[in-house]
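A.B. asks: Any chance you can model this:
(one chain, ligands or ions: 3)
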Amino acid sequence: MFAVNGSTFLNNSLSGVPRVFPRSTQRVAAPLVVVAAVSSNGRPGDRNVSVLVENTSKEMVESATSSSSPSAIDKEAKSTVGGGVEDVYGEDSATEDMHITPWTVTVASGYQLLRDPHYNKGLAFTEKERDAHFLRGLLPPGVVSQEIQVKKMMHNMRQYQVPLQRYMAMMDLQERNERLFYKLLIDNVEELLPVVYTPTVGEACQKYGSIFRQPQGLFISLKEKGRILEVLKNWPEKKIQVIVVTDGERILGLGDLGCQGMGIPVGKLSLYSALGGIRPSACLPVTIDVGTNNEKLLEDEFYIGLRRRRATGQEYSELLHEFMSAVKQNYGEKVLIQFEDFANHNAFDLLAKYGTSHLVFNDDIEGTASVVLAGLIAALKLVGGALADHRFLFLGAGEAGTGIAELIALEISKQTGAPLEETRKKIWLVDSKGLIVRSRIESLQHFKRPWAHEHEPINNLADAVKSIKPTVLIGSSGAGRTFTKEIVESMSSFNEKPIILALSNPTSQSECTAEEAYKWSEGRCIFASGSPFAPVEYNGKVYPSGQANNAYIFPGFGLGLIISGAIRVHDEMLLVASEALAEQVSHENLEKGLIYPPFSNIRKISAQIAARVAEKAFQLGLATRLPQPENLVRYAESCMYSPNYRTYR
Ligand SMILES: NC(=O)C1=CN([C@@H]2O[C@H](COP(=O)(O)OP(=O)(O)OC[C@H]3O[C@@H](n4cnc5c(N)ncnc54)[C@H](OP(=O)(O)O)[C@@H]3O)[C@@H](O)[C@H]2O)C=CC1
Ligand SMILES: CC(=O)C(=O)O
Ligand SMILES: [Mg+2]
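C.D. replies: Ligands and ions are numbered 1, 2, ... in the order given. Take a look at the predicted model:
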């Protein structure tokens, strides 16, 4: 760490680039707005705001609207008045040739309240609320609790045989009754995670155009170049804390899905709220549409995005730069921007470029690294030895593969004191052309070069396994069924307990299934996968397997950044997040062969991760939420969003 011009540089970064940050940013509480008024510039986003009726008196509405009411418009103007009888706000007194602002100030009551997903409670509105909020007659007379609503929804969900129908039912619920959606997801996380997240979200993105009903998130396309700040202001929520952004070029292991990648930021942010307790209103899903190279989508009449091939080079980077600048201008220094499912030829560069000026996190590179390191730390309790005693082989040398590799090397270096260049030598990667070796260095992308060790060329994984004899085999290729019987048997021939992680998503792209891994290793392997597999029965024994997915990390990681008011991400935070997650793996989990804790406990786990990340932010001088809270775990828990209904006056 070193200081230049009042900024501190941390020269230790997964992206290989020092992260830089100013030291003196203070947290400033935003004023509480009770009644939203029509803005003087007539922006729709500022204008059409619903507030609960109990907060609003007639005088407040009048005073809030008077400054910009069209009654202030020059009444001397000629021409006819086109609106008939003058309305209460004076809008109709504007003559036909005048420009007017089409604004409304409404209270969320009656019919509108039932259609506002933030406030709607459906049949759970009490008798008193039905009276106070003009709901009489708009609902059937029965009153039910939120618990009964959850029970009914789960009953209905289980009737659907097709996963995509469940996904659509969940999205409909999110659009209709947000709190019920989150209550359902939190209380049934293990059952519903595969619906709103991988694998089903993958299929949803592939078919996004045909299942599209209501837009979710913010779409920023090349058409909006030069106006991105304006577009951000169209989003109805103002206090954004986390943005998940994709350009749709590498959606899970499914490739370029263009604008239809929107399912991913929407899904990830649902997990931010359900698993990490970030308020839904503070979350903003964004898809940047620069076109797609997916010919099938370009020809699909239901495709929702720009019908052009992807912008690259300057056209691409200018749009991204405008977006990054607009975000900072609109939301300030402490909004977390999570890059998700960008192709690797952009992902590493974006992380390096904006890591020094924004609070950015690449989930595929950094979140995945942290979750896999956690699983490996836990697995050591089953296989023995220290990390440094193991040999690692990856199939896939992209974002996930090289990100994980770098964090493992960093952890070994931290534990042993050996230089990073040395610890990297324990790690080998195979890409589509074979083992990454020194003789290939000239043709390698920059993020692969640190892994080009001395070795004769090998062009396939099976031979690489035989030659390297890894103790840990990690699949991060996006290529399904690539861990063959021969490969798993080979791993099992020189390891008593081979560690095999098939990280690729969705299930169709998994390098092998749980059943294959346990069967081919005769029940000896320690297995986890990116998408979930049901427990496997082999030789009379049941083997449950864990989910090695960054969903364990990013919600708690983001919470930690937010509650500490962190202004930059640092690799040390990834390491402590891994340690915190590994500590949550119990003896009972390990006895079953599980190297991750169950998701059912995830909010408590996220609070632990958040506390450690926040603590690290304070230690590094990156936190701005001062003074530091005494008990960070309790503080993290107290900050978490609860989906329980609120009582309306
Ligand atoms: N479980 C989790 O939490 C996460 C899982 N993932 C999953 O990991 C997968 C990869 O993601 P990411 O790293 O971002 O993707 P990238 O495109 O960055 O990297 C893919 C890598 O796999 C290599 N590859 C592709 N096909 C083959 C093949 N048949 N044989 C050998 N190597 C191959 C590519 O080789 P080349 O470079 O030569 O083209 C490249 O090195 C995806 O399926 C994604 O869903 C990603 C993030 C998190
Ligand atoms: C899990 C995830 O981020 C991915 O597969 O891309
Ligand atoms: Mg991803």
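
A.B. asks: switch to C-alpha atoms for all contacts and neighbour counts from now on
C.D. replies: Fine.

A.B. asks: dump the residue contacts of the residue of the stretch 451-600 of the chain found nearest ligand 2.
C.D. replies: The nearest approach of the stretch 451-600 of the chain to ligand 2 comes at Asn505, 4.9 Å away (C-alpha to the nearest ligand atom). Counting by C-alpha atoms under 8 Å, 6 or more residues apart in numbering, Asn505 touches Thr198, Pro199, Leu252, Gly253, Gly478, Gly530, Ser531.

A.B. asks: Three-state assignment for it, please.
C.D. replies: coil (DSSP: H, G, I helix; E, B strand; the rest coil).

A.B. asks: How about the one 10 residues further on?
C.D. replies: In the three-state summary, Glu515 is assigned as helix, counting by three-state DSSP.

A.B. asks: cool, Gly305 as well?
C.D. replies: Following three-state DSSP, we place Gly305 in the coil state.

A.B. asks: most centrally placed residue in this protein?
C.D. replies: Residue closest to the average C-alpha location in the chain (C-alpha atoms, centre = their mean): Lys268, at 3.3 Å.

A.B. asks: give me the element it is part of.
C.D. replies: Lys268 belongs to helix 263-276 when assigned by DSSP states H and E.

A.B. asks: orientation of the helix or strand that comes right after that helix relative to helix 263-276 in degrees?
C.D. replies: The C-terminal neighbour of helix 263-276 among helices and strands, as given by DSSP H and E, is strand 283-289. Interaxial angle, strand 283-289 versus helix 263-276 (axes from the mean of the first three to the mean of the last three C-alpha atoms, to 10 degrees): 160 degrees.

A.B. asks: strand partners of strand 283-289, parallel vs antiparallel please.
C.D. replies: strand 218-221 (parallel), strand 242-246 (parallel) (DSSP bridges).

A.B. asks: Mean pLDDT and distance to ligand 1 added to those, as a markdown table?
C.D. replies: Shown next, in a markdown table, are the strands paired with strand 283-289 (pLDDT from 0 to 100; distance: least, C-alpha to the nearest ligand atom, whole Å):
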| stretch | mean pLDDT | distance to ligand 1 |
| --- | --- | --- |
| strand 218-221 | 98 | 22 |
| strand 242-246 | 98 | 12 |
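
A.B. asks: ranking the ones you listed by burial, who's on top?
C.D. replies: Burial of those is given as mean neighbour count (mean count of other C-alpha atoms under 10 Å); strand 242-246 ranks first at a mean of 26.

A.B. asks: follow-up on the earlier one: can you flag the buried ones in the contacts of Asn505?
C.D. replies: Thr198, Pro199, Leu252, Gly253, Gly478, Gly530, Ser531 (16 or more other C-alpha atoms under 10 Å).

A.B. asks: Work out for me the element the fifth one sits within.
C.D. replies: Per DSSP H and E: Gly478 is located in neither a helix nor a strand.

A.B. asks: Not counting sequence-adjacent ones, nearest residue to it?
C.D. replies: With sequence-adjacent residues excluded and distances taken as C-alpha to C-alpha, 6 or more residues apart in numbering, Gly478 is closest to Gly253, at 4.4 Å.

A.B. asks: So which bits of the chain are right by ligand 1?
C.D. replies: Within reach of ligand 1 by C-alpha under 6 Å from any ligand atom, the chain has these residues: 252-253, 344, 364, 368, 395-401, 431-433, 476-479, 503-505, 530, 548-550.

A.B. asks: Among those residues, which lie within helices?
C.D. replies: In helices, defined here by DSSP state H, the members of the residues of the chain next to ligand 1 are Asn344, Thr368, Glu399, Ala400, Gly401.

A.B. asks: returning to what we had before: filter the residues of the chain next to ligand 1 down to the buried ones.
C.D. replies: Here, 16+ other C-alpha under 10 Å leaves 252-253, 344, 364, 368, 395-401, 431, 476-479, 503-505, 530, 548-550 buried among those.

A.B. asks: For the residue of the stretch 151-300 of the chain found nearest ligand 3, which non-adjacent residue is spatially closest?
C.D. replies: Residue of the stretch 151-300 of the chain nearest ligand 3, by C-alpha to the ion: Leu252 (5.8 Å). Distances taken as C-alpha to C-alpha, 6+ apart put Asn505 closest to Leu252, at 5.4 Å, once the chain neighbours are dropped.

A.B. asks: The one you found and Lys433: what is the separation?
C.D. replies: Going from Asn505 to Lys433 by C-alpha to C-alpha, to the nearest Å gives 21 Å.

A.B. asks: swap in Arg440?
C.D. replies: Arg440 sits 10 Å away from Lys433, going by C-alpha to C-alpha.

A.B. asks: Settle this for me: Pro457 is touching Val430, isn't it.
C.D. replies: No: Pro457 is beyond contact range of Val430, at 10.6 Å (criterion: C-alpha atoms under 8 Å).

A.B. asks: For the two, indicate the residue with more neighbours.
C.D. replies: The residue with more neighbours, out of Pro457 and Val430 and counting by other C-alpha atoms under 10 Å, is Val430; that gives 26 against 15.

A.B. asks: Enumerate the residues of the stretch 501-649 of the chain near ligand 2.
C.D. replies: Neighbours of ligand 2 within the stretch 501-649 of the chain, by C-alpha under 6 Å from any ligand atom: Asn505, Asn549, Asn550.

A.B. asks: repeat that for 8 Å
C.D. replies: The stretch 501-649 of the chain comes close to ligand 2 at residues Leu503, Ser504, Asn505, Pro506, Gly530, Asn549, Asn550, Ala551, as judged by C-alpha under 8 Å from any ligand atom.

A.B. asks: Who's the closest spatial neighbour of the fifth one, skipping the chain neighbours?
C.D. replies: Taking C-alpha to C-alpha, 6+ apart, and ignoring the residues beside it in sequence, Gly530 has Leu503 as its nearest neighbour in space, at 4.1 Å.

A.B. asks: Quick check: the residue of the stretch 101-250 of the chain nearest ligand 2.
C.D. replies: Closest point on the stretch 101-250 of the chain to ligand 2, by C-alpha to the nearest ligand atom, is Thr198, at 7.2 Å.

A.B. asks: Could you pull out the strands in the stretch 301-450 of the chain for me?
C.D. replies: 336-339, 360-362, 392-395, 427-431, 434-435 (DSSP state E, counting those that start in this stretch).
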